[in-house]
Structures are given as structure tokens and as C-alpha cells.
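Asker: Provide a 3D model corresponding to the input given below.
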Amino acid sequence: QVQLVESGGGLVQPGGSLRLSCATSGFTFTDYELGWYRQAPGKECELVARIISIVGSPYYADFVKGRFTISRDNFEKTVYLQMNSLKPEDTAVYYCNAPPQRSSYDRCPRNENGYWGRGTQVTVSA
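Answerer: Model prediction:
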């Protein structure tokens with residue numbers, strides 16, 4: 001049974017940091033590109049970052065470049081998202097996905113487009 005379980009979300013002040021984790025099981029982790037998406041209320045589900053392997057350049061959406069870092073641990077079968085310099089507009093539910101197929105969807109998670117977790121809430125507010 002495939003499982004992706006996100007953790008690490010929470011409430012943080014603007015300028016703060018959070019580290020999201022996505023622990024996976026039930027599929028061959030090293031065979032998959034991995035991604036993080038997010039969806040805020042009333043907005044589309046947008047790709048934040050994706051990573052193919054430990055070696056190679058990850059992709060970042062313009063709105064998180066220089067602030068977020070995606071990484072993966074193939075031994076632990078876990079993907080991470082380090083989020084620094086958080087802004088109120090980063091408030092959303094964050095989902096991990098394998099593999100990321102599009103830059104955006106109208107909603108997420110979408111079980112017809114790979115494996116998804118249930119998401120973790122990130123709230124950036126003073």
C-alpha cells in the first residue's frame with residue numbers, strides 16, 4: 001500500500017522557517033521524481049518544487065526561489081522542504097506528490113495524477 005505522510009507544518013511568523021517532511025512507503029522511492037505542491041483557499045494547486053535525484057538541479061517555482069530548498073533522503077525514503085523567509089502568501093496546505101506531472105492543477109490532491117499525501121497546513125501570520 002502506497003503511503004505519503006507529510007509533517008512539519010504549523011503556525012509561524014513572517015520571516016520564520018519551517019521544515020516539511022514527507023515519509024513514503026509502498027513504492028520504489030528511487031524510481032520517482034518527487035514534488036511539493038501547495039493550495040491556498042480559493043487558489044489553484046501550484047507546484048512549489050521538484051527533485052529528480054540527489055545529484056542534479058531541483059526545480060523551484062519563481063515565487064519560492066532563494067527561500068525554499070527541496071531535498072531527498074533515498075535511504076529514509078523521505079523528501080523534505082526547507083522553507084525560510086516565510087511570507088503570509090506562503091500560507092497554504094502543502095502536499096507531496098510522486099511524480100509531479102504538471103505545474104498546476106485546479107485542486108489537489110489528485111489521485112489520478114500519481115501518489116499524494118493528505119497535506120500539512122502552513123500558516124504564516126503575525
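Asker: all strands in this structure, in order from the N-terminus.
Answerer: Using DSSP state E, the strands of the chain run over residues 3-7, 10-12, 18-25, 34-39, 45-51, 59-60, 68-73, 78-83, 92-98, 104-105, 115-116, 120-124.
Asker: What does the pLDDT read for the residue nearest the centre of the chain?
Answerer: A centroid search over the chain (Cα atoms, centre = their mean) returns Trp36, at 2.2 Å, as the residue closest to the centre. We have a pLDDT of 98 for Trp36.
Asker: Go through the strands of the chain and pick out the most buried.
Answerer: For the strands of the chain, the largest average neighbour count (mean count of other Cβ atoms under 10 Å) is found in strand 34-39, namely a mean of 26. Quick note: C-beta positions are derived from backbone N, CA and C, even for glycine.
Asker: residues in contact with stretch 53-64?
Answerer: With Cβ atoms under 8 Å, 6 or more residues apart in numbering as the test, stretch 53-64 has contacts from 30, 46-52, 68-72, 74, 83, 89-90, 103.
Asker: now stretch 115-126
Answerer: Stretch 115-126 is contacted from outside by 2-14, 16, 18, 20, 22, 24, 27, 38-39, 83, 86-98, 108-110, using Cβ under 8 Å, 6+ apart.
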